[in-house]
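Novice: Okay, sequence plus prediction incoming.
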Amino acid sequence: MRVLAVSDEEVPGLALASSTLRPDLILGAGDLTGEYLEALVDRYGVPCVFVPGNHDPDHRGFRRTRGGYVRGGLPEEPPGPRGGVNADGRIVTVCGLTVAGLGGSIRYRSGANQWTQGQQRRRAWRLWLASLWRRPTVDVVLAHSPAQGVGDGEDAPHRGFAALGTLVRRLRPQVFVHGHVHPHGRPGPDLEIADVPVLNTVGYTYFDITPGSPGAYTIRERRRGA
């Protein structure tokens with residue numbers, strides 16, 4: 001299947017009819033508006049799985065009912081793309097692809113979707129336990145932040161999570177997809193965690209992947225962050 005992974009920076013032309021991409025699924029790694037992701041969904045007519053970034057609204061507290069979504073007992077639509085699947089803290093399977101998601105960044109100020117190392121470690125632990133219960137083959141770990149020491153930044157807001165590296169080693173996905181650290185057009189090194197490719201998808205990356213088949217992952221096209 002063909003996957004379009006996006007994060008952090010809107011790419012002019014990606015949602016236009018002139019685009020030649022033909023994805024089967026969109027992955028959003030955070031810090032993109034719901035309107036932009038909806039435009040991609042409408043353009044390509046495929047589902048979207050996403051996690052929130054540190055500049056996104058708070059996605060917690062929403063509950064789906066027969067009449068729609070509620071929050072705090074009142075009707076309210078959740079942020080993010082309409083119909084999108086929020087994978088934050090969950091393992092979801094969409095179009096046959098199994099995705100384990102952990103959104104947010106390291107806590108560096110007040111605001112939504114920011115976590116301390118300890119908080120993210122507990123969230124990653126719960127996700128690991130969920131994987132043992134369900135026993136799926138996880139194809140993609142989708143996060144906003146990078147793992148600590150693997151493509152993260154030296155400044156406080158862009159330090160990675162140690163728990164993400166541990167989670168990737170435990171789940172052994174085909175690829176670890178994240179955003180948050182803007183490469184500013186630089187090609188950057190090809191990084192790995194225990195032989196799992198690490199993909200910084202700021203801008204966009206278009207790749208092939210075969211669900212349930214380790215190693216069946218190939219990049220077709222990418223645009224690094226401006």
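Specialist: Sure, I can see it. Numbering: from 1, shown residues only.
Novice: Summarise which helices and strands the helix ranked longest in the chain is packed against.
Specialist: Longest helix in the chain by number of residues, with DSSP state H as the criterion: helix 117-134. Packing partners of helix 117-134 (3 or more C-beta pairs under 8 Å, 6 or more residues apart in numbering; DSSP states H and E): strand 91-94, strand 97-102, helix 162-171. Any C-beta I mention is one placed from the backbone N, CA and C, and that applies to glycine too.
Novice: Identify whichever of these lies nearest to Pro52.
Specialist: Pro52 sits nearest to strand 97-102 of all the helices and strands packed on helix 117-134, at 9.4 Å, using C-beta to C-beta.
Novice: Point out where the chain drops to low pLDDT.
Specialist: Applying pLDDT under 70 to the chain flags the ranges 61-62, 69, 76, 185, 187-189, 225-226.
Novice: how does it look with 90?
Specialist: Within the chain, the segments meeting pLDDT under 90 span 12-13, 17-18, 55-83, 109-112, 132-137, 183-190, 212-226.
Novice: list the contacts for the residue nearest to the spatial centre of it?
Specialist: Note on the chain: the residue nearest the mean C-alpha position is Ala29, at 3.1 Å, using C-alpha atoms, centre = their mean. Counting by C-beta atoms under 8 Å, 6 or more residues apart in numbering, Ala29 touches 5-8, 50-51, 53, 142-144, 177-180, 201.
Novice: Need the helices and strands packed on helix 117-134 in CSV (columns: mean neighbour count and distance to Leu127).
Specialist: Below are those laid out as CSV (neighbours: other C-beta atoms under 10 Å; distance: least, C-beta to C-beta, whole Å):
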stretch, mean neighbour count, distance to Leu127
strand 91-94, 17, 7
strand 97-102, 24, 6
helix 162-171, 21, 7
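Novice: CSV for these, including distance to Ala216?
Specialist: Converted to CSV, those look like this (distance: least, C-beta to C-beta, whole Å):
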stretch, distance to Ala216
strand 91-94, 16
strand 97-102, 11
helix 162-171, 16
